[in-house]
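Novice: A structural model of the following input is requested.
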Amino acid sequence: MANHPSAEKRNRQRITRTSRNRTLRSSVRTVVKQLRAEITAKNMEKATAALKIAISELDKAVSKKVLHHKAASRTIGRLASAVHKLGKADLTAPAPTAKTGAKSKTAKAAKSAAAKPAAKKS
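Specialist: Model (predicted):
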(Lines give C-alpha, C1' and ligand atoms only; values in the text may rest on other atoms or scores of the structure.)
Protein backbone atom coordinates (compact mmCIF):
# COMPACT_ATOMS: atom_id res chain seq x y z
CA MET A 1 0.00 0.00 0.00
CA ALA A 2 1.27 3.47 -0.92
CA ASN A 3 2.30 5.68 2.01
CA HIS A 4 3.33 8.91 0.26
CA PRO A 5 1.06 11.27 -1.65
CA SER A 6 3.08 10.84 -4.86
CA ALA A 7 2.89 7.05 -4.59
CA GLU A 8 -0.85 7.24 -3.97
CA LYS A 9 -1.25 9.37 -7.09
CA ARG A 10 0.81 6.92 -9.17
CA ASN A 11 -1.43 4.11 -7.92
CA ARG A 12 -4.57 6.01 -8.98
CA GLN A 13 -3.01 6.67 -12.39
CA ARG A 14 -2.08 2.99 -12.77
CA ILE A 15 -5.65 1.91 -12.07
CA THR A 16 -7.05 4.41 -14.61
CA ARG A 17 -4.55 3.40 -17.32
CA THR A 18 -5.05 -0.31 -16.72
CA SER A 19 -8.79 0.08 -17.11
CA ARG A 20 -8.44 2.11 -20.30
CA ASN A 21 -5.88 -0.29 -21.80
CA ARG A 22 -7.96 -3.35 -20.92
CA THR A 23 -10.99 -1.88 -22.69
CA LEU A 24 -9.05 -1.03 -25.84
CA ARG A 25 -7.19 -4.37 -25.91
CA SER A 26 -10.48 -6.22 -25.52
CA SER A 27 -12.12 -4.34 -28.39
CA VAL A 28 -9.11 -5.08 -30.64
CA ARG A 29 -9.33 -8.79 -29.82
CA THR A 30 -13.07 -8.82 -30.52
CA VAL A 31 -12.68 -7.15 -33.92
CA VAL A 32 -9.85 -9.48 -34.93
CA LYS A 33 -11.87 -12.49 -33.79
CA GLN A 34 -14.84 -11.36 -35.90
CA LEU A 35 -12.58 -10.91 -38.93
CA ARG A 36 -11.11 -14.38 -38.50
CA ALA A 37 -14.65 -15.79 -38.29
CA GLU A 38 -15.52 -14.12 -41.62
CA ILE A 39 -12.36 -15.50 -43.20
CA THR A 40 -13.22 -18.98 -41.95
CA ALA A 41 -16.76 -18.58 -43.32
CA LYS A 42 -15.18 -17.50 -46.65
CA ASN A 43 -17.35 -14.40 -46.86
CA MET A 44 -15.27 -11.99 -48.96
CA GLU A 45 -17.46 -8.87 -48.67
CA LYS A 46 -17.82 -9.03 -44.89
CA ALA A 47 -14.16 -9.99 -44.46
CA THR A 48 -13.04 -6.94 -46.44
CA ALA A 49 -15.24 -4.64 -44.36
CA ALA A 50 -14.08 -6.28 -41.13
CA LEU A 51 -10.44 -5.92 -42.22
CA LYS A 52 -10.89 -2.17 -42.58
CA ILE A 53 -12.33 -1.95 -39.06
CA ALA A 54 -9.62 -4.20 -37.63
CA ILE A 55 -6.83 -2.10 -39.15
CA SER A 56 -8.39 1.03 -37.68
CA GLU A 57 -8.70 -0.54 -34.21
CA LEU A 58 -5.14 -1.86 -34.28
CA ASP A 59 -3.76 1.52 -35.35
CA LYS A 60 -5.74 3.20 -32.59
CA ALA A 61 -4.28 0.78 -30.04
CA VAL A 62 -0.78 1.56 -31.30
CA SER A 63 -1.35 5.30 -31.03
CA LYS A 64 -2.52 4.86 -27.42
CA LYS A 65 0.56 2.67 -26.74
CA VAL A 66 -1.56 -0.33 -25.82
CA LEU A 67 0.08 -2.48 -28.50
CA HIS A 68 3.59 -2.41 -29.89
CA HIS A 69 3.68 -1.04 -33.43
CA LYS A 70 5.50 -4.08 -34.80
CA ALA A 71 3.03 -6.50 -33.22
CA ALA A 72 0.13 -4.56 -34.74
CA SER A 73 1.86 -4.41 -38.12
CA ARG A 74 2.47 -8.15 -38.06
CA THR A 75 -1.18 -8.82 -37.18
CA ILE A 76 -2.45 -6.49 -39.90
CA GLY A 77 -0.17 -8.13 -42.47
CA ARG A 78 -1.32 -11.63 -41.60
CA LEU A 79 -5.00 -10.69 -41.64
CA ALA A 80 -4.68 -8.79 -44.92
CA SER A 81 -2.85 -11.74 -46.46
CA ALA A 82 -5.62 -14.11 -45.36
CA VAL A 83 -8.30 -11.85 -46.85
CA HIS A 84 -6.27 -11.53 -50.05
CA LYS A 85 -5.92 -15.31 -50.33
CA LEU A 86 -9.65 -15.61 -49.78
CA GLY A 87 -10.24 -13.25 -52.70
CA LYS A 88 -7.82 -15.15 -54.92
CA ALA A 89 -9.47 -18.44 -54.02
CA ASP A 90 -12.83 -17.03 -55.13
CA LEU A 91 -11.38 -15.98 -58.48
CA THR A 92 -9.47 -19.16 -59.18
CA ALA A 93 -12.17 -21.59 -58.04
CA PRO A 94 -12.89 -23.98 -60.87
CA ALA A 95 -16.28 -23.57 -62.42
CA PRO A 96 -18.54 -26.58 -62.06
CA THR A 97 -18.50 -28.58 -65.28
CA ALA A 98 -20.14 -31.73 -66.56
CA LYS A 99 -18.33 -34.98 -65.89
CA THR A 100 -15.70 -35.75 -68.46
CA GLY A 101 -15.03 -39.28 -69.54
CA ALA A 102 -11.68 -41.06 -69.73
CA LYS A 103 -11.50 -40.42 -73.47
CA SER A 104 -11.55 -36.66 -73.07
CA LYS A 105 -8.77 -36.78 -70.45
CA THR A 106 -6.49 -38.76 -72.74
CA ALA A 107 -7.40 -36.55 -75.67
CA LYS A 108 -6.46 -33.46 -73.64
CA ALA A 109 -3.16 -35.03 -72.58
CA ALA A 110 -2.31 -35.96 -76.15
CA LYS A 111 -3.23 -32.50 -77.37
CA SER A 112 -1.08 -30.73 -74.74
CA ALA A 113 1.88 -33.05 -75.48
CA ALA A 114 1.61 -32.28 -79.19
CA ALA A 115 1.42 -28.54 -78.53
CA LYS A 116 4.69 -28.49 -76.54
CA PRO A 117 7.79 -27.86 -78.66
CA ALA A 118 10.47 -30.51 -78.65
CA ALA A 119 13.36 -29.88 -76.31
CA LYS A 120 16.53 -28.63 -77.96
CA LYS A 121 19.52 -30.91 -77.74
CA SER A 122 22.88 -29.31 -77.28
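
Novice: those helices in this protein, which residues are they?
Specialist: Along the chain, the stretches classed as helices by DSSP state H are 5-40, 44-63, 69-92, 102-115.

Novice: so of those, which one's packed in deepest?
Specialist: helix 44-63 (a mean of 17; mean count of other CB atoms under 10 Å). In short, each C-beta sits where N, CA and C put it, glycine included.

Novice: what packs against that helix?
Specialist: helix 5-40, helix 69-92 (3 or more CB pairs under 8 Å, 6 or more residues apart in numbering; DSSP states H and E).

Novice: got the angle between the shortest one and helix 44-63?
Specialist: Spelled out, it's helix 69-92. 170 degrees (axes from the mean of the first three to the mean of the last three CA atoms, to 10 degrees).

Novice: same question, the longest one
Specialist: Taking the same axes, to 10 degrees, one finds helix 5-40 and helix 44-63 inclined to each other by 160 degrees.

Novice: can you offset everything so residue one is 756?
Specialist: Renumbered: residue one is now 756, and that last one reads helix 760-795.

Novice: Helix 760-795 - contacts with which helices or strands?
Specialist: Helices and strands in packing contact with helix 760-795 are listed as helix 799-818, helix 824-847; criterion 3+ CB pairs under 8 Å, 6+ apart.

Novice: separation between the residue lying closest to Ala757 once chain neighbours are set aside and Asp845?
Specialist: If the residues on either side of it in the chain are set aside, Ala757 comes closest to Glu763, at 4.5 Å by CB to CB, 6 or more residues apart in numbering. Counting by CB to CB, to the nearest Å, the gap from Glu763 to Asp845 is 58 Å.
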